[in-house]
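[1] generate a structure from the sequence data that follows.
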Amino acid sequence: ERKLVVQKYLDDPFLINQRKFDLRVYVLLTSVDPLVAYVHEDGLVRFSTHEYTMKNLRCRYVHLTNYSVNKKSKRYVESNHLEEEDEDDDHEDDDDDDHQDDDDDHQEEDDHQ
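    Numbering: from 1, shown residues only. Here you go, the predicted model:
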């Protein structure tokens, strides 16, 4: 006897820069009636390291946003955005260095399971 989980996979998800993502927002509810909620100013956004496609369902880097999975991708980049933002509060952002060459985003990666 095998146990299985069956679920519908969304094949047309909302994307940011052609990548799947998830948001973690911290909310404290102190009352339901009347509703009183406090949203913490910090949260978490996680992105897949590869552009979304349905051509390769086996590539975890395309379909999952888990840190434990994507940190193994050669395209993984650790975010230091908060530290940089604190240092550069009075300076304009220079986006020239932030662009990566994504030409290989369309390669099949069957070996990542």
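
[2] for the spatially most central residue of the chain, phi and psi?
    Per CA atoms, centre = their mean, the C-alpha nearest to the average position across the chain is that of Phe47, at 1.4 Å. Phe47 adopts backbone torsions of phi -120, psi 150, taken as degrees, to the nearest 10.

[3] surely it and Phe21 touch.
    Yes: contact criterion CB atoms under 8 Å: Phe47 and Phe21 qualify, at 4.8 Å. Just so you know, the C-beta spots here come from the backbone N, C-alpha and C atoms, and that holds for glycine as well.

[4] overlap of the contact sets of these two?
    Thr65 (CB atoms under 8 Å, 6 or more residues apart in numbering).

[5] show me where the protein has its strands.
    Taking DSSP state E as the criterion, the chain carries its strands at 21-32, 35-47.

[6] point out where the protein drops to low pLDDT.
    By pLDDT under 70, the low-scoring segments of the chain are 81-113.
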